[in-house]
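> predicted model and sequence follow; I will ask about them next.
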Amino acid sequence: MTDPGPSFAKLSLEGFTERLASDQPTPGGGSASAVAGGLAAALLSMVAALSEGRSTYEPYLATLARARAVGEDARRHFLALADADALAYDGFTAARKLPRVTPLEAETRKAALNAAARSATEVPLQIIRACRLVAVELEALAGRCNLNCASDLVVGSLLVDAAARGAAANVQANLSFIGDPDFEGAALLEATESLALIEDLASQVRERVGGGRLRDPEKA
């Protein structure tokens, strides 16, 4: 199994991209998707922070505080998921390398491969769920934040949409190795429905920001 080394969160941006560009399989697209989600979450927090303490946006204080808290939690969660995705894929790779000469070896390898593929699917599903949370807050903040930095919400919506789609690609790639039709069907349905929701929310963010106007506060 590949030595995971330090947590990706501890690497510089240059260090992470160097690891990503190397000839090692991890970090790969799943970890990159998680990092993209983390960037979206950071932008959510930034826009909320740049809106707090300004009288114009006082009616939105509850929305701003919630969005900032969600953004901070999600940013850290995404970085942890970047590590988890790499470890899960390393486990899947190790399972594929197990011997399968004898019937017992073949059975052991199949069981290990099923379990590893399930783990390698569950992590990107967690990335998608985190993307949904961030997408919801980005939409809630659009039109309820500092208009001078509202375009950063559009960037965040694009990043979180890309992060979810990247994670969904990993979900789909692993499904055929799991050997559990019920789990496979549920995972695919969740990913598909989540992508549709996130895309819709991202579209709403772009429309709200493009309008350049504030909207009513959220109902209590």
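It's in.
> where does the protein dip in pLDDT?
1-5 (pLDDT under 70).
> rerun that using 90 as the cut-off
Along the chain, segments meeting pLDDT under 90 span 1-6, 176, 219-220.
> neighbours around Ile128, how many?
For Ile128, the tally of surrounding residues (other Cβ atoms under 10 Å) stands at 25. The C-beta positions use only the backbone N, C-alpha and C, and glycine is treated the same way.
> again, but for the one 3 residues further on
The number of residues packed around Cys131, counting by other Cβ under 10 Å, is 33.
> how about it, secondary structure?
Classification of Cys131 by DSSP: H, G, I helix; E, B strand; the rest coil places it in helix.
> quick check: it vs Ala82, distance?
In this view, Cys131 and Ala82 are 13 Å apart by Cβ to Cβ, to the nearest Å.
> do Leu125 as well
15 Å.
> compare those two (neighbour count), which wins?
Using other Cβ under 10 Å, the more surrounded residue of Leu125 and Ala82 is Ala82, with 26 against 18.
> how about the contacts made by the more buried one?
The contact partners of Ala82, taken as Cβ atoms under 8 Å, 6 or more residues apart in numbering, are 8-9, 27, 30-32, 34-35, 38.
> tell me which helix or strand it sits in.
Per DSSP states H and E: Ala82 is located in helix 61-96.
> buried residues in that helix?
Neighbour-count burial for helix 61-96 flags 63-64, 67-68, 70-72, 74-75, 77-92, 95 (criterion: 16 or more other Cβ atoms under 10 Å).
> residue closest to the middle of the chain?
Centroid check for the chain by Cα atoms, centre = their mean gives Ile127 as the closest residue, at 3.5 Å.
> who's in contact with that residue?
Ile127 neighbours (Cβ under 8 Å, 6+ apart): 30, 33-34, 37, 78, 81, 85, 163-164, 167.
> excluding its backbone neighbours, what's nearest it?
Ala167 (3.9 Å; Cβ to Cβ, 6 or more residues apart in numbering).
> could I get whichever strand or helix holds the one you found in CSV with only the CA atoms?
In the assignment (DSSP H and E), Ala167 maps to helix 151-174. This file holds the C-alpha atoms of helix 151-174, laid out as CSV (Å, rounded to 0.1, in the frame of the first residue of the first chain):
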residue,chain,number,x,y,z
SER,A,151,-19.3,37.0,-7.5
ASP,A,152,-17.3,34.7,-5.2
LEU,A,153,-20.5,32.8,-4.5
VAL,A,154,-20.6,32.0,-8.2
VAL,A,155,-17.1,30.7,-8.1
GLY,A,156,-18.0,28.7,-5.0
SER,A,157,-21.1,27.3,-6.8
LEU,A,158,-19.0,26.2,-9.8
LEU,A,159,-16.4,24.6,-7.6
VAL,A,160,-18.9,22.7,-5.5
ASP,A,161,-20.7,21.5,-8.6
ALA,A,162,-17.4,20.3,-10.1
ALA,A,163,-16.5,18.6,-6.7
ALA,A,164,-19.8,16.7,-6.6
ARG,A,165,-19.5,15.6,-10.2
GLY,A,166,-16.0,14.4,-9.7
ALA,A,167,-17.0,12.4,-6.6
ALA,A,168,-20.0,11.0,-8.4
ALA,A,169,-17.7,9.7,-11.2
ASN,A,170,-15.7,7.8,-8.5
VAL,A,171,-18.9,6.4,-7.1
GLN,A,172,-20.0,5.1,-10.5
ALA,A,173,-16.5,3.7,-11.2
ASN,A,174,-16.5,1.5,-8.1
